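Chemist: pasting the structure only:
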């Protein structure tokens, strides 16, 4: 359950990133944007172009050690993709974006949240599930005017922590499988719990 909070007309509290996590060509189709209200209120479904170019190249059949997953940049790319998939699969956030509860920049706010969560956890690796949950609740209320009361935010926070630990250990197969399901159009049925 969730409810919309009253808008206080304050500008969003955003910390600018020096480099965005999600590039402009994150989606297959660049002519449909979640920020511009389309005739059909749905954002693009797949981050496939960006992920395919960045992660699933000709070396994708090699073992993680030979792909450089153990190196800092290798696991971070998978972690960023996993957090993005996790937040894109979060039903309340998706509803907030497609319904423009965060205004015309709802899609950009979701992308900012993906980058912010990645930065936060990488800067504070000992952060607790409760702290991540608090950040997500605050962002949902401040940026999308939504008070989340269905318990899904704890599930998302736990998943993000699990993704961080698995990626640091080089366990990226689940993220690849999750991405493949997303790319093949089954994202609507993919639940966050499946990734645990």
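Modeler: Yes, it's here. From a predicted model like this one, the values you see are computed outputs, not experimental measurements. Numbering: from 1, shown residues only.
Chemist: Spell out which helix or strand contains the closest residue in space to residue 146 that isn't next to it in sequence, please.
Modeler: Once flanking residues are discounted, residue 146 sits nearest to residue 140: 4.8 Å by Cβ to Cβ, 6 or more residues apart in numbering. For every residue, glycine as well, the C-beta is placed using N, CA and C. With secondary structure defined by DSSP states H and E, residue 140 is part of helix 129-144.
Chemist: Also residue 182?
Modeler: Going by DSSP H and E, residue 182 is part of helix 173-183.
Chemist: Which positions in that helix come out as buried?
Modeler: 174, 175, 176, 178, 179, 181, 182, 183 (16 or more other Cβ atoms under 10 Å).
Chemist: Quick check: the farthest pair among the residues you listed?
Modeler: Maximum pairwise distance among the buried residues of helix 173-183 (Cβ to Cβ): 14.7 Å, between 174 and 183.
Chemist: Show me the shaky parts of this protein.
Modeler: 1-72, 186-196 (pLDDT under 70).
Chemist: ok, now with 50
Modeler: 10-11, 15-16, 28-34, 38, 40-70, 188-191, 193-196 (pLDDT under 50).
Chemist: so where do the strands sit in it?
Modeler: Under the criterion DSSP state E, the chain carries strands at the ranges 2-4, 146-148.
Chemist: Counting by contacts, list what the last one packs against.
Modeler: The reference is to strand 146-148. strand 2-4, helix 91-98, helix 129-144 (3 or more Cβ pairs under 8 Å, 6 or more residues apart in numbering; DSSP states H and E).
Chemist: try 6 Å
Modeler: Judged by 3 or more Cβ pairs under 6 Å, 6 or more residues apart in numbering; DSSP states H and E, strand 146-148 is in contact with strand 2-4, helix 129-144.
Chemist: Can I get the ones you listed in TSV including distance to residue 100 and mean neighbour count?
Modeler: Shown next, in TSV, are those (distance: least, Cβ to Cβ, whole Å; neighbours: other Cβ atoms under 10 Å):
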stretch	distance to residue 100	mean neighbour count
strand 2-4	12	13
helix 129-144	9	18
